[in-house]
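Chemist: Quick one: sequence and predicted model below, then my questions.
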Amino acid sequence: MVFLVFWLNSYKHVSNIPSIPAPIINMSAPKPTITDDDFIDGESLDLSSGSLSAARTHEQQYNIMHDIVHGNNQYRGVLQGRDYYIFFGNLSDNQPHGLGRIEFYYPPGISGSLTGAWYEGYWVDGHRSGHGVFVWEATGDWYRGDWNDGQRNGFGTFVWSSNNEWYEGDWVNGRRQGTGIYTWVGTAWYEGDFRNDLIHGYGHKYWENGDWYRGNWIRGHRHGEGVMWHNETGVLQSGFWSNDIFIGG
């Protein structure tokens, strides 16, 4: 009897779904892609695979810092710890500065998490700063957007290809922070506030089955005042939540 009274007080049946904003993202929409328009003012690097191959071979042979100049192009290969990489683009005081591309690789017998990864975009004093694209070839993941001091800062899109998820919104020091949209393809999507990589603040989450929640979140959980619509049952919960549990109106 106590449980029944609690259930009746916690749920409110409604005959029609309340008016809510139309989703601005189609959950079945294709993932974002990288195009030629991803670079500011249409700039892009004319990368000569032959020259890059030559520079890479040189790096593996000598394992020292060096500069290789081919006409107006400058190549810089660097060995730093266990990370092997080669840079092509503009240099200032022997550091990447301006538009440039970096490719990571490892000699045979040595593995690393950045194998096949590359970044193309803008640099300031040796750090990724400005607009750029970073691609992890091994997983198919990529980020396109703003950088500052080597970290994702500003507005950008990150696609996790292996999980079929992506985020588009604000970043602070490499973490999702501010406002943005997170899509779980074929499952759900969320629009609202983020903090420290987690859903945190106020936001809307929609599920593919028609369920939705609008309200407050703390560290990824419904917490505080909010409204939850259960589409299959026609049940509306409006009131206060604690760690995803509805506690009443």
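Modeler: Ah, there it is. Source: prediction; values computed, not measured.
Chemist: Can you show me the helices along this structure?
Modeler: 2-10, 49-62 (DSSP state H).
Chemist: What average pLDDT does the shortest one get?
Modeler: Read that as helix 2-10. Mean pLDDT, helix 2-10: 37.
Chemist: Excluding chain neighbours, give the residue nearest to residue 85 in space.
Modeler: residue 104 (4.7 Å; C-beta to C-beta, 6 or more residues apart in numbering). No exception for glycine: its C-beta is placed from N, CA and C like everyone else's.
Chemist: Sorry, wrong one. I was asking about residue 231.
Modeler: residue 210 is the one closest to residue 231 (C-beta to C-beta, 6+ apart), at 3.0 Å.
Chemist: The one you found: how many residues sit nearby?
Modeler: Burial of residue 210 is recorded as 11 neighbouring residues (other C-beta atoms under 10 Å).
Chemist: repeat for residue 221
Modeler: 16.
Chemist: And for residue 238?
Modeler: So residue 238, with other C-beta under 10 Å, has 18 neighbours.
Chemist: what do you get for residue 242?
Modeler: Neighbourhood size, residue 242 [other C-beta under 10 Å]: 12.
Chemist: so what's it up against?
Modeler: Shown in contact with residue 242 (C-beta atoms under 8 Å, 6 or more residues apart in numbering): residue 223.
Chemist: where's it relative to residue 157, distance?
Modeler: Note on residue 242: its distance to residue 157, by C-beta to C-beta, to the nearest Å, is 33 Å.
Chemist: who touches residue 227 in this structure?
Modeler: 18, 213-215, 236-238.
Chemist: next one: residue 171
Modeler: 145-146, 151-156, 177-178.
Chemist: I'd like these as JSON lines, with pLDDT and neighbour count appended.
Modeler: Output for these, formatted as JSON lines (pLDDT from 0 to 100; neighbours: other C-beta atoms under 10 Å):
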{"residue": "145", "pLDDT": "95", "neighbour count": "21"}
{"residue": "146", "pLDDT": "97", "neighbour count": "20"}
{"residue": "151", "pLDDT": "96", "neighbour count": "15"}
{"residue": "152", "pLDDT": "97", "neighbour count": "22"}
{"residue": "153", "pLDDT": "97", "neighbour count": "20"}
{"residue": "154", "pLDDT": "98", "neighbour count": "14"}
{"residue": "155", "pLDDT": "97", "neighbour count": "15"}
{"residue": "156", "pLDDT": "96", "neighbour count": "22"}
{"residue": "177", "pLDDT": "98", "neighbour count": "19"}
{"residue": "178", "pLDDT": "98", "neighbour count": "15"}
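Chemist: in stretch 94-104, what's buried?
Modeler: The neighbour-count check on stretch 94-104 (16 or more other C-beta atoms under 10 Å) flags 96-97, 99-104 as buried.
Chemist: Check the residues you listed and tell me the two furthest apart.
Modeler: 97 and 104 (19.5 Å; C-beta to C-beta).
Chemist: Grab the nearest non-local neighbour of residue 151.
Modeler: residue 174 (4.2 Å).
Chemist: Quick check: the one you found vs residue 182, distance?
Modeler: 16 Å.
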